[in-house]
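Asks: compute the structure for the input listed below.
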Amino acid sequence: MSNAINPLTDNTLMTQAAKLIRVTYIALLILALLAPMLGLYPVFVMKLLCFAIFACAFNLLLGFTGLLSFGHAAFFGSAAYVTGWLIKSQGWTPELGIAAGVVASGLIGLVIGAVAIRRQGIYFAMITMALAQIVYFVCLQAPFTGGEDGLQGVPRGALFGLLSLESDTAMYYLVLAVFVACFLVISRIVHSPFGQVLKMIRENEPRAISLGYQVDRYKLLAFVLSAALAGLAGSLKTLVMGFATLSDVHWSMSGEVILMTLLGGVGTFFGPVFGAGIVNSLQNLLADKVGSWVTVIIGVIFVLCVLAFRKGVVGELQAWLERRRQAAAAKVVPTQP
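Replies: You can find the predicted model right below:
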């Protein structure tokens, strides 16, 4: 008799893992739907969801395309300012203000991306950071941004002129709906043929070029998509909090989204959401207790995570489950010679 790997066992384990992921997502969605009824502070959860969208957008670029940007705050903050100004000063409805913010961040992403993708590695990252600082300077000096004071008192308005968003509950369910839609869109992008090409570029760019793919076009499109989704997060954040400030477009915001993504797990779907939840929760819980030391505490946690969980918390959990699946699939069954 000889030994062979049982393919049925492997397929069964993969199916069970897929079911477990779906059940987890459904349970989390139900929890999110019931959050206002469970006593969770809606504004805090809305802010968390906005940063989760921001982190997922960044992960689309870093985790699935392999491009590290140090300037994503430019898209987040510019959209926040555009949306806030149009709604407050021009009387636009919230959906039009959000759409304008997304378009503005996408166009800025197109300009920055067209310049940055000509380089790779640290040179790419430094170019994105330098160009993002130009956006920061514009937001500081432009007359409509309010300078160092920012835009204050941005009204939420009424969605399509019908549904008032002044209530935290109504605003919460809008943000939740947008988050779920963004999560599904990013998942669809990654699993599409376009997403498979992005993964190939991440893993082996010279091979992608040798196969005839116009790599720069794929990277530019991924950059613009990531910028537009980051802008959507910034626009929603302005509606939720009622203001847009220079901190939204500062380079430290780019550092925060990198921290969220790495902490949760680069290249995973739920990792950036988890990382955004951890960072925002720590900031909310510790800010009034330790003051500015909260950044030090988060930095220490990040260092420990990098040392103990190289793939991030969610990434390490997925790797552990994969090792268990492979160990179970490696069990042999007797076959006839």
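Asks: now do the same contact list for Phe309.
Replies: Phe309 is in contact with Gly315, Glu316, counting by Cβ atoms under 8 Å, 6 or more residues apart in numbering. Yep, even glycine has a C-beta here, placed from its N, CA and C like the rest.
Asks: for the one 4 residues further on, same thing?
Replies: Taking Cβ under 8 Å, 6+ apart as the contact definition, Val313 lies against Leu263, Gly264, Gly265, Gly271, Phe274, Gly275, Ile278, Cys305.
Asks: can you rerun that using 10 Å?
Replies: Contacts for Val313 were tallied using Cβ atoms under 10 Å, 6 or more residues apart in numbering; they are Leu263, Gly264, Gly265, Thr268, Phe270, Gly271, Phe274, Gly275, Ile278, Cys305.
Asks: over to Ala18?
Replies: Contacts of Ala18 (Cβ under 10 Å, 6+ apart): none.
Asks: just Ile117 next, same as before
Replies: The contact partners of Ile117, by Cβ under 10 Å, 6+ apart, come to Leu67, Phe124, Ile127, Thr128, Val215, Asp216, Arg217, Tyr218, Lys219, Leu220, Ala222, Phe223.
Asks: just the strands from the stretch 51-200 of the chain, written as ranges.
Replies: 158-159, 163-164 (DSSP state E, counting those that start in this stretch).
Asks: contacts for the first one, please.
Replies: Identification of contacts with strand 158-159 by Cβ under 10 Å, 6+ apart yields Thr93, Pro94, Glu95, Ile98, Ser164, Leu165, Glu166, Ala170, Met171, Leu174, Leu239.
Asks: ok, so of these, who is nearest Ile189?
Replies: Nearest to Ile189, judged by Cβ to Cβ, of the contacts of strand 158-159 is Ile98 at 19.9 Å.
Asks: tally of neighbours for the closest residue to the closest one other than its chain neighbours?
Replies: Nearest residue to Ile98 in three dimensions, chain neighbours excluded: Ser235, at 4.4 Å (Cβ to Cβ, 6 or more residues apart in numbering). Around Ser235 there are 32 other residues, counting by other Cβ atoms under 10 Å.
Asks: can you check Val300 too?
Replies: Count around Val300 with other Cβ under 10 Å applied: 10.
Asks: appreciated, that's everything.
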